[in-house]
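Novice: Sequence plus predicted model, see below.
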Amino acid sequence: MIYERVCYMCPKCNHMHFFNAEEIPTIICPECNVQMVCVEKKFVSAEQEKKDEERRERLYRSYRSATIVNCPYCNSINTSKISTTSKAVNTAIFGIWGTKRHKQWHCNQCGSDF
């Protein structure tokens, strides 16, 4: 059996929601109450849909277990961990006036360390 699947994505929380074309989907995200955007429409078989659902579940579990760090200054999630090597080099160059040795994260957007 082949049927049409419609994929909606929430622009706020980036969660994907999948519906059959025959269903009348609510286009409001159930988690953050924002209107979702239609991302994709495709025709799939029941077997392919089962494989896709398993894949989505695996990705969703790995996404939920990942740690997301927000910058406290600009609230960006574009952050990276400051390495031990970078901390050691900063301390070797600037001595006790080096600031990186007490910091853990660096924001790639605004350039701050926190």
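Specialist: Structure received. These numbers come from a predicted model, not from an experiment.
Novice: pretty sure Met9 contacts Val34?
Specialist: No: counting by Cβ atoms under 8 Å, Met9 stays clear of Val34, with 10.5 Å between them. Every C-beta, even on glycine, is put in place using the N, C-alpha and C of the backbone.
Novice: which of these two has more neighbours?
Specialist: Using other Cβ atoms under 10 Å, the more surrounded residue of Met9 and Val34 is Met9, with 16 against 13.
Novice: Backbone dihedrals for the more buried one, both of them.
Specialist: Torsion angles at Met9 (phi, psi; degrees, to the nearest 10) stand at phi -130, psi 140.
Novice: ok, and the closest non-adjacent residue to it?
Specialist: Using Cβ to Cβ, 6 or more residues apart in numbering and skipping the chain neighbours, the partner closest in space to Met9 is Val39 (4.7 Å).
Novice: For Phe19, see how far away the one you found is.
Specialist: 12 Å (Cβ to Cβ, to the nearest Å).
Novice: between those two, what contacts are shared?
Specialist: Jointly contacting Val39 and Phe19 under the rule Cβ atoms under 8 Å, 6 or more residues apart in numbering are Tyr8.
Novice: who has more neighbours, those two?
Specialist: The residue with more neighbours, out of Val39 and Phe19, is Phe19; 16 against 12, by other Cβ under 10 Å.
Novice: Just the pLDDT for that one.
Specialist: What the model reports as pLDDT for Phe19 is 77.
Novice: Spell out the secondary structure type for it.
Specialist: Under the three-state scheme (DSSP: H, G, I helix; E, B strand; the rest coil), Phe19 adopts strand.
Novice: Contacts only, for Cys74.
Specialist: By Cβ under 8 Å, 6+ apart, the contact set of Cys74 is Cys107, Gln109, Cys110, Ser112.
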